[in-house]
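In: Sequence unavailable; structure follows:
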């Protein structure tokens, strides 16, 4: 019997529904919660697939998952790519792949860990920052957000230079990116699974809710959104991710696609989209359990740098 393990945090609707969906199919694959209590370096991993929903907040889990990949376990998502990812890299990657993306700047941290002596440890940094030049590049209003964040945490809409300074001064140890604000007329969040399936959902970022409207895009726009989403997740190697597009004048701009543990709660997704996610996640892990995909050779970094055709 092949086993699928699930690592979770504070979510209560998706995990039991997913485990029940996998187990009720009787396909020779069983799903369960992973239980850990210290991991030996030679300890055999019992899982064919592990679905990771929380290692970005629990470093021990990330170490465990890297070792699991070493043993041939398929981890959703690959912990090596997730560790290397950030929103500035992704914005640059999108542009290289031919996907429209807002102008983006990565900023020096506001604060540093104890032991960093500003006059000695940071001699490579210019001070003060040329805020006027940065604002001229991205325009105003602009977005300031955590380069490694998710779930709309630590995201600020800045309409003046003073707004930007206030937000930046609150960022502490976070590395922040400054980004062009796309005045959108349509917003789409795509659930992307298995690097092959895309569910484009209409989303209202102001109210943070999905709108169940299946025909919310023209055929041409819908095709471009799906194609661009697949280009991005295939380049990054993410089997579970959301890609967000702010559509302006018919052009979808990839705003955020570093969401390797996307919100899958029934109250957020709505029952319609929740049902799709549970069933397609079960399809994916059963397929991966029966047809292993070695991840040790999966990350070929050159794929990331050679544009859409190579990806």
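Out: Here it is on my side, so go on. Predicted, not measured: the structure shown is a model, and the values here were computed from it. Numbering: from 1, shown residues only.
In: So which residue is dead centre in the chain?
Out: residue 259 (1.8 Å; C-alpha atoms, centre = their mean).
In: who touches that residue in this structure?
Out: Shown in contact with residue 259 (C-beta atoms under 8 Å, 6 or more residues apart in numbering): 150, 241-244. All C-beta atoms are positioned from the backbone trio N, CA, C, and that covers glycine.
In: check which helix or strand covers the nearest residue in space to it that is not next to it in sequence.
Out: Closest residue to residue 259 apart from its sequence neighbours, by C-beta to C-beta, 6 or more residues apart in numbering: residue 242 at 4.2 Å. Secondary structure from DSSP states H and E places residue 242 in strand 240-248.
In: Rounded mean pLDDT for stretch 276-295, please.
Out: Averaging pLDDT along stretch 276-295 yields 94.
In: So that it lines up with my notes, have the first residue be 33 from now on.
Out: All set: I'll call the first residue 33, so the last point we hit is now stretch 308-327.
In: ok, and what's touching it?
Out: Here stretch 308-327 makes contact (C-beta under 8 Å, 6+ apart) with 34-36, 46, 49-50, 53-54, 57, 59-61, 63, 80-81, 83, 101, 104, 106-108, 110, 112, 223, 225-226, 229, 231, 271-272, 296, 301.
In: could you redo the last one with a cut-off of 6 Å?
Out: Residues from elsewhere that reach stretch 308-327 (C-beta atoms under 6 Å, 6 or more residues apart in numbering): 34, 36, 49-50, 53-54, 59, 61, 80-81, 101, 106, 110, 225-226, 229, 231, 296.
In: With stretch 213-225 instead?
Out: Under the contact criterion C-beta under 6 Å, 6+ apart, stretch 213-225 has outside partners 134, 173-175, 230-233, 235, 237, 257, 261, 265, 273-280, 285, 312, 316.
In: what's around residue 119, how many residues?
Out: Residues within reach of residue 119, counting by other C-beta atoms under 10 Å, total 23.
In: surely it meets residue 289?
Out: No. Residue 119 lies out of contact with residue 289 (C-beta atoms under 6 Å); the separation is 8.8 Å.
In: neighbours around the nearest residue to residue 197 once chain neighbours are set aside, how many?
Out: Nearest residue to residue 197, sequence neighbours excluded (C-beta to C-beta, 6+ apart): residue 163, at 7.6 Å. Using other C-beta under 10 Å, residue 163 is surrounded by 14 other residues.
In: what does the one 5 residues further on give?
Out: Counted by other C-beta under 10 Å, the residues lying close to residue 168 total 10.
In: what separates it from residue 200, distance-wise?
Out: 17 Å (C-beta to C-beta, to the nearest Å).
In: Over to residue 135?
Out: Note on residue 135: its distance to residue 200, by C-beta to C-beta, is 17 Å.
In: tell me the helices in the stretch 83-232 of the chain, going along the chain?
Out: 91-102, 111-116, 119-128, 150-153, 163-170, 193-201 (DSSP state H, counting those that start in this stretch).
In: out of these, deepest packed?
Out: Using mean count of other C-beta atoms under 10 Å, the stretch among the helices of the stretch 83-232 of the chain with the largest mean neighbour count is helix 119-128, at a mean of 20.
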